[in-house]
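S.K.: next input, structure requested:
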Amino acid sequence: MNLVITVSRRFGTGASIVARELSGKLGIPVYDKAFIEERLHEHSYETEADAIRMLAKKPCIILGRCASEILKEQRNAFNIYVCADKEDRIHRIMDLESIPFEEAREKVEQTDRARADYYHEHTGKTWGDVNNYHMILDTSRLGVENCADILMRYFEKKEYI
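M.R.: Residues are numbered from 1 along each chain as shown. Here you go, the predicted structure:
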């Protein structure tokens, strides 16, 4: 298996949980913003895109960082977008960070705006456009706890793993 999975997500969807579960099931690492930035500084890559391309030479899961666009020509890349109802995302952040509803709502809205701006700035495309992904997972409908299993069944059926 030489599968590279990119995970774009709205804030508060539980996508990082899905990625960790999938990582455990597949036995491949998950790389997030902090890890990629660390690699960038440690290994003198010129850009984040260079660091992502290097990491994607081996099977892995990459959270965010426009990886779906950076790796769009890589045939073994599978791009996932994780979404959820706004109310569910707000409540998940309230629980995770022990903050009141309004603070969580503002945090969800600010983070979504920042991610949309970052994606557009680096790709010129609209963040969350269904045409940029192979699969969309709605954790409000599917449940965070079910998404890794859904992906595993799909990968097995398609013989990606």
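S.K.: any idea how far the residue of the chain most remote from its centre is from residue 12?
M.R.: In terms of distance from the mean C-alpha position of the chain, residue 100 ranks first, at 25.8 Å (CA atoms, centre = their mean). Separation of residue 100 from residue 12 (CB to CB, to the nearest Å): 15 Å. To be clear about C-beta, it is placed using only N, CA and C from the backbone, and glycine gets the same treatment.
S.K.: my guess is the residue farthest from the centre of the chain contacts residue 94. True?
M.R.: Yes: with contacts counted by CB atoms under 8 Å, residue 100 reaches residue 94, the gap being 7.1 Å.
S.K.: hmm, who's touching stretch 79-87?
M.R.: For stretch 79-87, contacts defined as CB atoms under 8 Å, 6 or more residues apart in numbering pick out 5-10, 12-15, 18, 68, 71-72, 92, 108, 128, 130, 132-140, 147, 151.
S.K.: before we move on, what about stretch 17-35?
M.R.: 1, 3, 5, 7, 16, 39, 52, 55, 58-65, 82, 137, 139, 144, 147-148, 151-152, 161.
S.K.: buried among these? Make that a PyMOL selection.
M.R.: Burial among the contacts of stretch 17-35 is assessed by 16 or more other CB atoms under 10 Å; the matching PyMOL selection reads:
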select buried, resi 5+7+16+39+52+55+59+60+61+62+63+64+65+82+137+139+144+147+148+151+152+161
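S.K.: how about the helix or strand containing residue 90: buried residues?
M.R.: Element membership of residue 90, judged by DSSP states H and E, is helix 86-97. Buried residues in helix 86-97, counted by 16+ other CB under 10 Å: 88, 89, 90, 91, 92, 93, 94.
S.K.: what is the nearest of the residues you listed to residue 124?
M.R.: Of all the buried residues of helix 86-97, residue 89 has the smallest distance to residue 124: 26.2 Å, by CB to CB.
S.K.: wait, isn't that closest one in contact with residue 108?
M.R.: Yes: if you go by CB under 8 Å, residue 89 and residue 108 touch, sitting 5.2 Å apart.
S.K.: pull up the overlap in contacts between these two.
M.R.: 10, 11, 12.
S.K.: for the second one, give me its contacts.
M.R.: Residues near residue 11 by CB under 8 Å, 6+ apart: 89, 93, 107, 108, 111, 112, 115.
S.K.: now do 6 Å
M.R.: By CB atoms under 6 Å, 6 or more residues apart in numbering, the contact set of residue 11 is 108, 111, 112.
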